[in-house]
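> Mind folding the following:
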Amino acid sequence: MAQITSARSLYHECQSQGQCGKHTLNNLLQGPVFSTSDLDMIAEKLRQVAQESLQRTIWKNPYKSPLGMGYYDVTVLEAALNQQGCTLSWFDARRDIAECLSQQDDSMLGLIVHVPTMTRWLPFWKGQHWFGILRLSNGAFIDLDSRLSQPTPFAGFDDAIAFLNKVLQNGGRLFLIHRDQEISSEFAGTAEGTLPAVEAVEPENLAPPTSEASMSLTESPSTPKVHPDSESVATQPIS
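Residues are numbered from 1 along each chain as shown. Reported below is the predicted structural model:
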């Protein structure tokens, strides 16, 4: 993957039909790598693996939204990234995010952010949203949220940290994405490859992650306005 030093001319998919999972992957990978059918296929393979492990039928696929809105479980995103020579790791919210990011090497591609949100169609239903933050080779961070009209750079490292801390404080989750040089290049540039190991657990425990926080991601007066087009990116409704 070529070194990127500027937000100009970055590939950026905008929100369409609730396909935030697909947009997140393609925006981080900087190209139309995955289609909805690709991710649906991964979700179905994961369902089959879980079904075989549990030795009973799983009728409802716990790895994707039953409403057909394009929301996928993190396991689907992880499997897709693995196929592209990347790894996904959960960020432990007990750690200091600034210290964590300052220690990253050039293998870090960026972060995937998961937040609870509202939807335009069902205002009383707590939805889910994925989006990516790309780390440039010069250390700058670019918000590639599909709800934004264009890639939006953070004003600096401190602004990015303040934003991520606000996400964590309000029930969001962070995932670190790295390029894994040990993964065979035969999977690079394709939507085929291996699936991550799936633990045999009950179907109800395989459902997409939900936040226990009752509040939405709203901006407090102390939150830096790092996105000129929106006062609070995290609370925009899914379009």
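> Quantify the burial of N138 by counting its neighbouring residues.
9 (other Cβ atoms under 10 Å). All C-beta atoms are positioned from the backbone trio N, CA, C, and that covers glycine.
> how much space between it and N82?
27 Å (Cβ to Cβ, to the nearest Å).
> again, but for Q169
From Q169 to N82 the distance is 30 Å (Cβ to Cβ).
> on contacts alone, who are the packing partners of the lengthiest helix in the chain?
Ordering each helix of the chain by length in residues (DSSP state H) puts helix 36-54 first. Counting contacts by 3 or more Cβ pairs under 8 Å, 6 or more residues apart in numbering; DSSP states H and E, helix 36-54 packs against helix 20-29, helix 74-83.
> looking at this structure, which helix or strand is least sure?
Every helix and strand of the chain was ranked by mean pLDDT, DSSP states H and E. The lowest is helix 36-54, at a mean of 86.
> CA atoms only: put it into PDB for me.
Extracted in PDB, the C-alpha atoms of helix 36-54 (Å, rounded to 0.1, in the frame of the first residue of the first chain):
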ATOM      1  CA  THR A  36     -22.200  -5.900   0.200                       C
ATOM      2  CA  SER A  37     -22.400  -9.400  -1.300                       C
ATOM      3  CA  ASP A  38     -18.700 -10.000  -0.200                       C
ATOM      4  CA  LEU A  39     -19.500  -9.100   3.400                       C
ATOM      5  CA  ASP A  40     -22.800 -11.100   3.400                       C
ATOM      6  CA  MET A  41     -20.800 -14.100   2.200                       C
ATOM      7  CA  ILE A  42     -18.300 -13.700   5.100                       C
ATOM      8  CA  ALA A  43     -21.200 -13.400   7.600                       C
ATOM      9  CA  GLU A  44     -22.800 -16.500   6.200                       C
ATOM     10  CA  LYS A  45     -19.500 -18.500   6.500                       C
ATOM     11  CA  LEU A  46     -19.200 -17.400  10.100                       C
ATOM     12  CA  ARG A  47     -22.800 -18.500  10.800                       C
ATOM     13  CA  GLN A  48     -22.000 -21.900   9.300                       C
ATOM     14  CA  VAL A  49     -18.800 -22.200  11.400                       C
ATOM     15  CA  ALA A  50     -20.700 -21.300  14.600                       C
ATOM     16  CA  GLN A  51     -23.500 -23.700  13.700                       C
ATOM     17  CA  GLU A  52     -21.100 -26.500  13.300                       C
ATOM     18  CA  SER A  53     -19.400 -25.700  16.600                       C
ATOM     19  CA  LEU A  54     -22.700 -25.600  18.500                       C
END
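> Quick check: buried residues in that helix?
36, 38-40, 42-43, 45-47, 49-51 (16 or more other Cβ atoms under 10 Å).
> Then stretch 130-138?
For stretch 130-138, a neighbour-count test (16+ other Cβ under 10 Å) marks 130-136 as buried.
> Identify those among these that sit within helices.
Here DSSP H is the test, and the buried residues of stretch 130-138 give no hits in helices at all.
> Tell me which of the residues you listed fall in strands.
130-135 (DSSP state E).
> follow-up on the earlier one: for the buried residues of stretch 130-138, which one is nearest P116?
Closest approach to P116 among these (Cβ to Cβ): W130, at 11.6 Å.
> List the residues that contact the closest one.
Residues counted as contacts of W130 (Cβ atoms under 8 Å, 6 or more residues apart in numbering) are 20-21, 23-24, 71-72, 77, 112-114.
> Can you give me the distance of G132 to I161?
The gap separating G132 from I161 is 17 Å, by Cβ to Cβ.
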